[in-house]
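Undergrad: for reference, the sequence and a predicted model appear below.
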Amino acid sequence: MAVPQLDPAKLQLVQELEIEMMSDMYNRLVTTCHRKCIPLKYHEPELGKGESVCLDRCVAKYLDVHERIGKKLSNMSQGDSEDLTKINLQETKK
């Protein structure tokens, strides 16, 4: 099955959306993990061991969930595409 080629304008739009989504995910990750792991009043200029461990775990969990959701949405989208193809084939046979 041939992969459809996107024209340069559509490819640019897809790239911009991807950058925007990744920036949004990064900003949410930073905000969420900072709020969860680092106290409001800084007592030391460097991260403590507990803060570092908390941040590592928070980031790992956040990225894991983000990946799972992406796979689920991709599977759902793929299923929708397959359903549309079946419907189009059925209508063509009529």
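TA: Sure, I can see it.
Undergrad: where in the protein is pLDDT low?
TA: In the predicted model of the chain, residues 1-6, 80-94 satisfy pLDDT under 70.
Undergrad: which residues does the residue nearest to the spatial centre of the chain contact?
TA: Ranked by distance to the mean C-alpha position of the chain (CA atoms, centre = their mean), the top residue is H66 at 5.1 Å. By CB atoms under 8 Å, 6 or more residues apart in numbering, the contact list for H66 reads M25. Where C-beta positions appear, they are placed from N, C-alpha and C, glycine not excepted.
Undergrad: in this protein, what residue spans correspond to helices?
TA: 8-37, 49-93 (DSSP state H).
Undergrad: tell me what the first one is packed against?
TA: This means helix 8-37. Judged by 3 or more CB pairs under 8 Å, 6 or more residues apart in numbering; DSSP states H and E, helix 8-37 is in contact with helix 49-93.
Undergrad: rewinding a little: let me have the helices of the chain in CSV, extended by distance to H43.
TA: Shown next, in CSV, are the helices of the chain (distance: least, CB to CB, whole Å):
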stretch, distance to H43
helix 8-37, 14
helix 49-93, 10
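Undergrad: burial check on E44, number of neighbours?
TA: Neighbours of E44 under the rule other CB atoms under 10 Å: 7.
Undergrad: to clarify, my last question referred to C37.
TA: Residue neighbour count, defined by other CB under 10 Å, stands at 19 for C37.
Undergrad: residues contacting L55?
TA: For L55, the contact set (CB under 8 Å, 6+ apart) comprises 33, 37-38, 47.
Undergrad: same thing with L29?
TA: Taking CB under 8 Å, 6+ apart as the contact definition, L29 lies against 59, 62-63.
Undergrad: now swap in E51 and tell me
TA: By CB under 8 Å, 6+ apart, the contact set of E51 is 37-38.
Undergrad: ok, the residue nearest to the centre of the chain to V14 distance?
TA: Counting by CB to CB, to the nearest Å, the gap from H66 to V14 is 19 Å.
Undergrad: now swap in L55 and tell me
TA: Using CB to CB, we find L55 at a distance of 32 Å from V14.
Undergrad: just I38 next, same as before
TA: Distance, I38 to V14, using CB to CB: 35 Å.
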